[in-house]
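Participant: Okay, here's the prediction I keep looking at, along with the sequence it came from:
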Amino acid sequence: MTVIDIPEDSLFGLANLPYGVFSTPGKKPRVGVRVGESVVDLAVALGDDVFTQPRLNEFMAQGHARWVRVRQQITELVSGDVPDDAVHPVAEVTMHLPIEVADYVDFYASEHHASNLGRLFRPNAQPLMPNWKHLPVGYHGRSGTVVVSGTDIVRPNGQRKAPDEDAPTFGPCRRLDIEAELGFIVGTGSELGAAVHTADFATQVFGAVLVNDWSARDIQAWEYVPLGPFLGKSFATSISAWVVPLPALEAARVPTPVQDPKPLPYLQEGEPWGLDIDLAVSWNGHEVSRPPYREMYWSPAQMLAHLTVNGATSRTGDLYASGTISGPEKDQRGAFIELTWGGKEPVRIGEEERTFLQDGDEVTITATAPGTDGTRIGFGEVSGRILPATT
Ligand SMILES: O=C(O)/C=C/C(=O)CC(=O)CC(=O)O
Ligand SMILES: [Ca+2]
Ligand SMILES: [Mg+2]
């Protein structure tokens, strides 16, 4: 038997207990929970077959009451002796995509980001569209290209046309960018035709991950009118390997910024709440931005309510992302197009300067939040390295 060591300042103490899918050499991917610098194999520790699956979907589909029970069981288990064969050092496991992504939706919930992108993409129009403060704007993404942190990202090819060019050309993206976001994973789905109320968020959403919504700005700028993002964003979206369960985020709840005008009734919550999560974006190992999630205008529950208000189902494994997280300050912007103001103001990366991503560049996004026991909890990281385009 083993007593798992949890350093006092660990971001993965008992207040966190994130789930992931891991493998050890020669063995199949299965469900584990992170405790300190260890991964606990839940199939071995709890003796339940649902954790032998290579994804969290089957466990999530068991529903909220079951999630609560398992979290209690894990807390009791790791507070005492854990069977030796259930414990692996995190440095010795390989992490996999934690969920089979059902549908993927991406919102646009940061007023600062939406205003900045409006100015950059539509310099002759008002930055925020008239609908923006009435509904959480979003689009349907491509679930099949959601990948786990650490997966290399091949620079996309596509059509691009700069404003000063007469005709589009085909080739590798020249303005490859990131978007630092938070993603919410639906655990319990809804019926076709039935809207999900804001109050149902806590029992339907299983947890949260970090998201990097890689974006080809030149492809996007040319293709997006009038139907929205398409190939400029569908080539890859990276998520962190650890899914932070919703109860771990209780202490991070904060009111959203004031919503004026008052949203329509289906978007109302007693008091709309966001999350006090601090993100950090590193470019080749140099921190370039610290986006604050508490600045997000639309709440996670409002986004879910909007997503389903027309009767569209939500399903186990759905991923809906917040949209780029940008704060009011320049060093709080969650996309390089904003940080470098459309490539006009390069940022310093050690000895070098950057506007958009070069081949070989690596971006890592991390985040922490207050935990329920007064310590902080961590999201791990979402990272990815750019490989040259295929020819
Ligand atoms: O305003 C636009 O035309 C484009 C917006 C985006 O690229 C943002 C997007 O994908 C949603 C987000 O991450 O905030
Ligand atoms: Ca996005
Ligand atoms: Mg994407």
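Facilitator: Nice, I can see it. Given the structure is predicted, the values throughout are model-derived calculations rather than measurements. Ligands and ions are numbered 1, 2, ... in the order given.
Participant: Do you have the helices of the stretch 201-350 of the chain handy? List them.
Facilitator: For the stretch 201-350 of the chain, applying DSSP state H, counting those that start in this stretch gives helices covering 201-204, 217-223, 231-234, 300-308, 336-339.
Participant: Just send those back as TSV, with mean pLDDT, distance to ligand 3 and mean neighbour count too.
Facilitator: Yep, even glycine has a C-beta here, placed from its N, CA and C like the rest. Formatted as TSV, the helices of the stretch 201-350 of the chain follow (pLDDT from 0 to 100; distance: least, Cβ to the ion, whole Å; neighbours: other Cβ atoms under 10 Å):
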stretch	mean pLDDT	distance to ligand 3	mean neighbour count
helix 201-204	96	24	18
helix 217-223	97	10	22
helix 231-234	98	4	22
helix 300-308	98	17	25
helix 336-339	98	14	25
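Participant: Figure out which of those is closest to I153.
Facilitator: Among the helices of the stretch 201-350 of the chain, the nearest to I153 by Cβ to Cβ is helix 231-234 (12.2 Å).
Participant: From ligand 3, how far off is the residue in the chain that ligand 2 sits nearest to?
Facilitator: Sorted by distance to ligand 2 under Cβ to the ion, the residues of the chain start with D213, at 3.6 Å. Taking Cβ to the ion, to the nearest Å as the measure, D213 falls 4 Å from ligand 3.
Participant: Farthest from the middle of this protein: give me that residue.
Facilitator: D166 (37.3 Å; Cα atoms, centre = their mean).
Participant: Spell out the secondary structure type for it.
Facilitator: coil (DSSP: H, G, I helix; E, B strand; the rest coil).
Participant: Use 153 as the first number from now on
Facilitator: Right, with 153 as the first residue, what we last looked at is D318.
Participant: Phi, psi for it please.
Facilitator: phi -80, psi -30 (degrees, to the nearest 10).
Participant: for R294, same thing?
Facilitator: Per degrees, to the nearest 10, the backbone of R294 is at phi -110, psi 100.
Participant: who in this structure is up against ligand 1?
Facilitator: 258, 260, 265, 269-270, 273, 331, 333, 365, 367, 376, 381, 475-476 (Cβ under 6 Å from any ligand atom).
Participant: What sits closest to E533 if chain neighbours are left out?
Facilitator: T518 (4.7 Å; Cβ to Cβ, 6 or more residues apart in numbering).
Participant: Can you tell me the element the one you found falls in?
Facilitator: strand 514-522 (DSSP states H and E).
Participant: which element follows that strand toward the C-terminus?
Facilitator: Assigned by DSSP H and E, the successor of strand 514-522 is strand 528-539.
Participant: Check the offset of that next one from the chain's centre.
Facilitator: 10 Å (Cα atoms, centre = their mean, to the nearest Å).
Participant: Any part of it near ligand 3?
Facilitator: No - with Cβ under 5 Å from the ion as the criterion, ligand 3 is not reached by strand 528-539; the gap is at least 11.0 Å.
Participant: elements contacting that strand?
Facilitator: strand 305-306, strand 357-364, strand 389-391, strand 514-522 (3 or more Cβ pairs under 8 Å, 6 or more residues apart in numbering; DSSP states H and E).
Participant: okay if I get the ones you listed as JSON lines plus mean pLDDT?
Facilitator: What follows is the helices and strands packed on strand 528-539, written out as JSON lines (pLDDT from 0 to 100):
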{"stretch": "strand 305-306", "mean pLDDT": "98"}
{"stretch": "strand 357-364", "mean pLDDT": "98"}
{"stretch": "strand 389-391", "mean pLDDT": "99"}
{"stretch": "strand 514-522", "mean pLDDT": "98"}
